[in-house]
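>>> here is the input, now give the coordinates:
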Amino acid sequence: MAFIPVNDVCQAELIYTWESQTIETVLHFLPEGAMTPIIMTELGAHLKNWWDTLIRPGITNAISLVNIKLTDLSTEVAPVVNYATGLPLVGGAIVAALPNNCAMVITKRTLLRGKSYRGRIYHPALSETVVTGNTIAGGTVNALVGHYSQLLAFTTTTASWEMVVVSRYSNNQPRPSGIATPVISLDSNGTVDSQRRRLPSRGS
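Numbers count the residues shown, from 1 in each chain. This next block holds a predicted model:
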């Protein structure tokens, strides 16, 4: 499959180990200025601190954040930074989690409509204590949407960033180059969803 560039966008992969399986959450960010390894490293530090402060206290201790992989999508040979300072970080809640594929889906909203202009975040490791039937407790939903909303726009030491939705295809056809659209809000319906690639033996 041919590489499709997305100019000046950094792909951030939060990589976890969970019950002998590797899973990840993928986010995309656009800096205000030019992409460099220095600001990519700053982004990694920001995401690590965000996860440690806001996500770690409520996520099961069966999961560990082990690496944050940052990839400049501008060209096929653009820089990649693996941020591992202060990692791994183990989840801070001593609770049993739902099966690996179960996730809370957070929807990314932009000013435009259509599949190319929205995206999803699959938050992993939901605790059994916050789910009744197929419904996630409202307090948990609101808290997690609020935590991820901290990443809509922020500033690191030398750069300002905004979360974006990346689209590489239109009408099932590859674009000459991908497009990045700023995310203006996040929301969730609070229903337990499934990320099939996190099922044992499906992912890595």
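>>> residue ranges of the strands in this structure, please?
Counting by DSSP state E, residue ranges of the strands within the chain are 10-18, 21-31, 63-72, 80-83, 89-90, 102-109, 118-123, 131-132, 135-136, 153-155, 160-170, 173-182, 185-187, 192-194.
>>> is it possible to export those strands to a markdown table including distance to G146 and mean neighbour count?
For every residue, glycine as well, the C-beta is placed using N, CA and C. As requested, the strands of the chain are exported to a markdown table (distance: least, Cβ to Cβ, whole Å; neighbours: other Cβ atoms under 10 Å):
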| stretch | distance to G146 | mean neighbour count |
| --- | --- | --- |
| strand 10-18 | 18 | 20 |
| strand 21-31 | 16 | 20 |
| strand 63-72 | 19 | 20 |
| strand 80-83 | 24 | 17 |
| strand 89-90 | 20 | 16 |
| strand 102-109 | 11 | 20 |
| strand 118-123 | 12 | 19 |
| strand 131-132 | 19 | 14 |
| strand 135-136 | 14 | 20 |
| strand 153-155 | 14 | 14 |
| strand 160-170 | 14 | 18 |
| strand 173-182 | 19 | 14 |
| strand 185-187 | 9 | 15 |
| strand 192-194 | 19 | 16 |
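>>> among these, which comes closest to W51?
strand 63-72 (5.7 Å; Cβ to Cβ).
>>> tell me the strands beside that closest one, with direction?
strand 10-18 (antiparallel), strand 80-83 (antiparallel), strand 89-90 (antiparallel) (DSSP bridges).
>>> would a markdown table of those strands with mean pLDDT and distance to Q195 be doable?
Formatted as a markdown table, the strands paired with strand 63-72 follow (pLDDT from 0 to 100; distance: least, Cβ to Cβ, whole Å):
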| stretch | mean pLDDT | distance to Q195 |
| --- | --- | --- |
| strand 10-18 | 97 | 12 |
| strand 80-83 | 98 | 23 |
| strand 89-90 | 98 | 21 |
